[in-house]
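S.K.: Sequence first, predicted model second:
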Amino acid sequence: MELLVKYRQDGSAVWLGELYNRYSHLVFGLCLKYLKNEENAKDATLAIFEKLISDLKTREVATFQHWLYAVSRNQCLEMLRAGGREEKRKVVYHCENVVNMPEEIDVMSFAEMKESGLNNLERAINGLNQDQKQCVVLFYLEEKSYREITESTGYTIGEVKSHLQNGRRNLRMLLNANK
Amino acid sequence: MKSNLEHSALPTAEEIRMYQDGKLEALRSHEIELLAQENPLLADALDGYSTTPSFSMLPLITAGIAQTAGIASGGLAGSAAATAVKVTLPWWHLNGWIIGVVAGTTATVGTVVVLQEKNNVQTKPSANQTTENGLSTIHSEELDTIQFDEALESKNEVFSQAVLSENAQASIANFQEVNQPKISDAAENSLAKSNNTQIDRQVIDNLKPIPLAEANLQKNDAVPVEKKSSTVAIQILHILNYKLADYSVIRSEEWERFSLDEVGLPASFGSQEEKKLYVKEHPENVVSYIDYITQCIRAYDYEKFQQAIRRFNVVLEQYPDDVNAQFYSAMSYYAEKDYPKAIEYFLKVEKNGINTFDEEAMYYHAMTLKTLGNIDDANSLFVKVIRENGFYKENALQQMQ
């Protein structure tokens, strides 16, 4: 945020360059996910930087990362919308189109769940189905990586992610029901 | 989002590369995965690299950012220039190599990239920094070990005549923006022609895209559905304004016939022979596939979804891969809010070799997932729909926003 303040003070995009470079590999990865083409993803990553330069002069952002995520995603969607050959043309960006961070609905972080008390959490974990329970215990309690979980359980990485996501959603429901 | 994640906790590009290769230690992998659950930017980035591991593009992006930052700041002359190159940007360190970047801004040239052999050394602009013909040159003793003179002789058009200092013995690869993607090839071509270069080829390898086979190995199966590799587009026909795949082209002209008994409730036969016998004996009681499917569609049109499901099942008993019956069964289950069944049938349609309903199936499959709260997988499918560039593209875009 310090860099943002400096940018507003002297208008030198160099500060933003430094800030953006901390995230540009993530933004590029996100663009790869949506655009599936490294050339277009590179263009999008640079276009997003240009957008930051113009928008952040005036716009206050509460959390840079969240705002960057929304802007990046919208940039990719805009490029997909433009479609085909037009993907390459510089996309004119409209501020109004920037959506807020999509809420990760129904999913709370594990740290938040722990706040409900370990006894409650344990009971809730026991209420999960076997797949979800196994993944939740291995990931959150034993702090295993996805890869380790796939090796010990035979699930694919996709299945592990899915069980964890659904597990967290169900845990939240179980915890709320217990309250 | 209630995360208090600091940027320092985010993985570097190198860590992501190692993570994808399975070479990152387990505890750090776990940390990154934990972060990704609360940080959609990181989660999407990991997804992106897992399917398209284009790490070789990153130096070009850094270069582009430096150039844009320089231009937007009114040039890199004076203090701004010094600031630009003094900042420490950790992810430029690719496998111990630094890609130092200085933006050339006073003329129309592109970015200048210096390949520097020594680890952890910042590029130091000094009084020696000059501008000739609009090209920036760096004089630095740090670069002494790099001899690129012959590389410069390369006729590869990507390398323009970079200004070379005698004592720097460094080659500066200058490339126009349009040629940026070619840099890795170009650099390799040039190096190949250089006899006495001391630069390790590893730096060039770092700039190369990861081979496809390797890339595929890294691909995970986060996306719920993989299409069959070959799909067939066949004629489309419309019944009661509903789109259907026209099987008359691939099935025999004498379509299997359904007994009238089945129009309403499925009749069962002990075997195909038994059915053939029935058809032979009761020709007045049988209808063609097209007539039968019309009855099915009619039930669907009347929103009698349970009846439609029963009728489509009759078709599926005879033709298990009938995409019309699969798709409209899925839609019937969707309408009936039987989502697990709907997903089961959407998956069948998506895997079906006949692609008549691919887009619709993916779209409604995504809608089903979204309804179930599985936003990640729903979004992956919506992206696929958008990439189909068809009728559902706008809807999918709206759903994602």
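M.R.: The structure has been received and is ready for your questions.
S.K.: From chain B, how far off is the residue nearest the centre of chain A?
M.R.: A centroid search over chain A (CA atoms, centre = their mean) returns A:Y69, at 6.8 Å, as the residue closest to the centre. Going from A:Y69 to chain B by CB to the nearest CB, to the nearest Å gives 4 Å. Bear in mind the C-beta positions are built from the backbone N, C-alpha and C, glycine included.
S.K.: Assess the claim that that residue and B:L42 are in contact.
M.R.: No - A:Y69 lies out of contact with B:L42 (CB atoms under 8 Å); the separation is 9.2 Å.
S.K.: that older thread, once you drop chain neighbours, what's closest to the residue nearest to the centre of chain A?
M.R.: Nearest non-adjacent residue to A:Y69, counting by CB to CB, 6 or more residues apart in numbering or on different chains: B:L41, 4.2 Å away.
S.K.: count of neighbours near that neighbour?
M.R.: 23 (other CB atoms under 10 Å in any protein chain shown).
S.K.: shaky segments in chain A?
M.R.: Flagging of chain A using pLDDT under 70 yields the residue ranges A:83-108, A:179.
S.K.: Can you give the distance from the top helix by length along it to the centre of its chain?
M.R.: Using DSSP state H to define each element, chain A has its longest helix at helix A:157-178. Chain-centre distance of helix A:157-178: 18 Å, with CA atoms, centre = their mean, to the nearest Å.
S.K.: contacting residues around B:A342?
M.R.: B:A342 sits next to B:330-331, B:333-334, B:364-365, B:368 when contact means CB atoms under 8 Å, 6 or more residues apart in numbering or on different chains.
S.K.: Would you quantify the distance from B:Y392 to B:I309?
M.R.: As for B:Y392, its distance to B:I309 is 23 Å (criterion: CB to CB, to the nearest Å).
S.K.: Look up phi and psi at A:N129.
M.R.: In terms of degrees, to the nearest 10, the main-chain angles of A:N129 are phi -70, psi 170.
S.K.: same check, this time on B:I354
M.R.: The phi/psi pair for B:I354 (degrees, to the nearest 10) is phi -90, psi 130.
S.K.: Dump the C-alpha coordinates for the helix or strand containing B:Y333 into CSV.
M.R.: According to DSSP states H and E, B:Y333 maps onto helix B:323-335. Extracted in CSV, the C-alpha atoms of helix B:323-335 (Å, rounded to 0.1, in the frame of the first residue of the first chain):
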residue,chain,number,x,y,z
VAL,B,323,-27.5,-38.2,-27.4
ASN,B,324,-31.0,-36.8,-27.8
ALA,B,325,-32.4,-39.0,-25.0
GLN,B,326,-29.3,-38.3,-22.9
PHE,B,327,-29.6,-34.6,-23.2
TYR,B,328,-33.3,-34.2,-22.7
SER,B,329,-33.2,-36.7,-19.8
ALA,B,330,-30.6,-34.5,-18.2
MET,B,331,-32.7,-31.4,-18.8
SER,B,332,-35.7,-33.2,-17.4
TYR,B,333,-33.8,-34.1,-14.3
TYR,B,334,-32.5,-30.5,-14.1
ALA,B,335,-36.1,-29.2,-14.3
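S.K.: buried ones in it?
M.R.: Using 16 or more other CB atoms under 10 Å in any protein chain shown as the test for burial, helix B:323-335 gives B:323-334.
S.K.: about what we covered before: any part of the longest helix of chain A near chain B?
M.R.: Yes - Helix A:157-178 is in contact with chain B by CB under 8 Å from any CB of the partner chain, via A:157-159, A:161-162, A:164-166, A:168-169.
S.K.: Just put these in a markdown table and tack on distance to B:I239 and neighbour count.
M.R.: Listed next are those as a markdown table, based on distance: CB to CB, whole Å; neighbours: other CB atoms under 10 Å in any protein chain shown:
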| residue | distance to B:I239 | neighbour count |
| --- | --- | --- |
| A:I157 | 43 | 17 |
| A:G158 | 37 | 16 |
| A:E159 | 39 | 18 |
| A:K161 | 41 | 25 |
| A:S162 | 37 | 21 |
| A:L164 | 44 | 22 |
| A:Q165 | 40 | 21 |
| A:N166 | 39 | 21 |
| A:R168 | 45 | 24 |
| A:R169 | 40 | 19 |
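S.K.: Touching, A:L46 and B:I65? I think so.
M.R.: Yes - in this structure A:L46 lies within contact range of B:I65 using CB under 8 Å: 6.9 Å.
S.K.: Between those two, which is the more surrounded one?
M.R.: Using other CB under 10 Å, the more surrounded residue of A:L46 and B:I65 is B:I65, with 27 against 24.
S.K.: ranges for the strands of the stretch 301-401 of chain B?
M.R.: Shown for the stretch 301-401 of chain B, no strands are assigned by DSSP state E, counting those that start in this stretch.
S.K.: That one against chain A: which residues are in contact?
M.R.: B:373-377, B:383, B:386-387, B:389, B:393-394, B:397, B:400-401.
S.K.: May I see the PyMOL selection of the buried members of those?
M.R.: Applying 16+ other CB under 10 Å to those, the buried members can be selected in PyMOL as follows:
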select buried, chain B and resi 374+375+376+377+383+386+387+393+397+400
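S.K.: farthest-separated two in the residues of the stretch 301-401 of chain B next to chain A?
M.R.: Using CB to CB, these span at most 27.8 Å, a distance reached by B:G373 and B:N389.
S.K.: if I look at the closest residue to A:K114 other than its chain neighbours, how far off is chain B?
M.R.: Counting by CB to CB, 6+ apart, A:K114 lies nearest to A:L121, which is 6.3 Å off, once chain neighbours are set aside. From A:L121 across to chain B, the span is 16 Å (CB to the nearest CB).
S.K.: Is A:L121 in contact with A:N178, as I believe?
M.R.: No - if you go by CB under 8 Å, A:L121 and A:N178 don't touch, sitting 9.7 Å apart.
S.K.: Between those two, which is the more surrounded one?
M.R.: A:L121 (21 against 14).
S.K.: what about that one, helix or strand, and which?
M.R.: helix A:118-126.
S.K.: same for that helix, what does it pack against?
M.R.: Here helix A:118-126 touches helix A:110-114, helix A:130-136, helix A:157-178, going by 3 or more CB pairs under 8 Å, 6 or more residues apart in numbering or on different chains; DSSP states H and E.
S.K.: what sits up against the first one?
M.R.: Contact partners of helix A:110-114, identified using CB under 8 Å, 6+ apart, comprise A:121, A:124, A:140, A:168, A:171-172, A:175, B:2, B:34, B:37.
S.K.: Take that helix, keep the C-alpha atoms, and write them as PDB.
M.R.: The C-alpha coordinates for helix A:110-114 follow below in PDB (Å, rounded to 0.1, in the frame of the first residue of the first chain):
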ATOM      1  CA  PHE A 110     -10.600 -23.700   8.300                       C
ATOM      2  CA  ALA A 111      -9.200 -21.100  10.700                       C
ATOM      3  CA  GLU A 112     -12.600 -19.600  11.000                       C
ATOM      4  CA  MET A 113     -14.100 -23.000  11.700                       C
ATOM      5  CA  LYS A 114     -11.500 -23.600  14.500                       C
END
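S.K.: Flag every buried residue along that helix.
M.R.: For helix A:110-114, by 16+ other CB under 10 Å, it's A:110, A:113.
S.K.: neighbours of the nearest residue to A:V61 once chain neighbours are set aside, just the number please.
M.R.: Using CB to CB, 6+ apart and skipping residues adjacent in sequence, the residue nearest A:V61 is A:W67, 4.1 Å away. If you count neighbours by other CB under 10 Å, A:W67 ends up with 19.
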